[in-house]
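[1] model the structure of this input:
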Amino acid sequence: MFFQVGDRVRLGKCNDPYVKIPVGILGTVVFVDASGPTVKWDNGITIGIIESAGDRIEKIEKEKE
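    Numbers count the residues shown, from 1 in each chain. The predicted model follows:
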């Protein structure tokens, strides 16, 4: 899926063993490069999402927040 800076997203899965982010948390895409989007989560954590490593996010519409 293609993401743009400013997109609101929901976390489906994060495989990073060093960062514990709750599934279902909302965040905002703050950067996008070839490896994927970087998201600032509403709890203040910022982390890159790497779909090839099994991370999953979904774009959400404003009214779903």
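
[2] nearest the middle, which residue of this protein would you pick?
    For the chain, residue 39 is the residue whose C-alpha lies nearest the centre (CA atoms, centre = their mean; 4.6 Å).

[3] my guess is that residue contacts residue 49. True?
    Yes. The pair residue 39 / residue 49 is scored as a contact, 5.9 Å apart, by CB atoms under 8 Å. Heads up, the C-betas are built off the backbone N, CA and C, glycines and all.

[4] any residues in contact with both of the two?
    Taking CB atoms under 8 Å, 6 or more residues apart in numbering as the criterion, residue 39 and residue 49 both touch residue 57.

[5] for the chain, which strand is longest?
    strand 26-33 (DSSP state E).

[6] what does it contact?
    3-11, 37-42, 46, 57, 60, 65.

[7] quick one: average confidence on that strand?
    Average pLDDT, strand 26-33: 97.

[8] repeat that for stretch 4-16.
    Stretch 4-16 comes out at a mean pLDDT of 96.

[9] so how far is the first residue of it from its last?
    Stretch 4-16 has an end-to-end distance of 22 Å (criterion: CA to CA, to the nearest Å).

[10] repeat for stretch 29-38
    End-to-end distance for stretch 29-38, by CA to CA: 6 Å.

[11] what about that stretch, distance to the chain center?
    With CA atoms, centre = their mean, to the nearest Å as the basis, stretch 29-38 stands 9 Å off its chain's centre.

[12] and for stretch 50-65?
    Using CA atoms, centre = their mean, the offset of stretch 50-65 from its chain centre is 5 Å.
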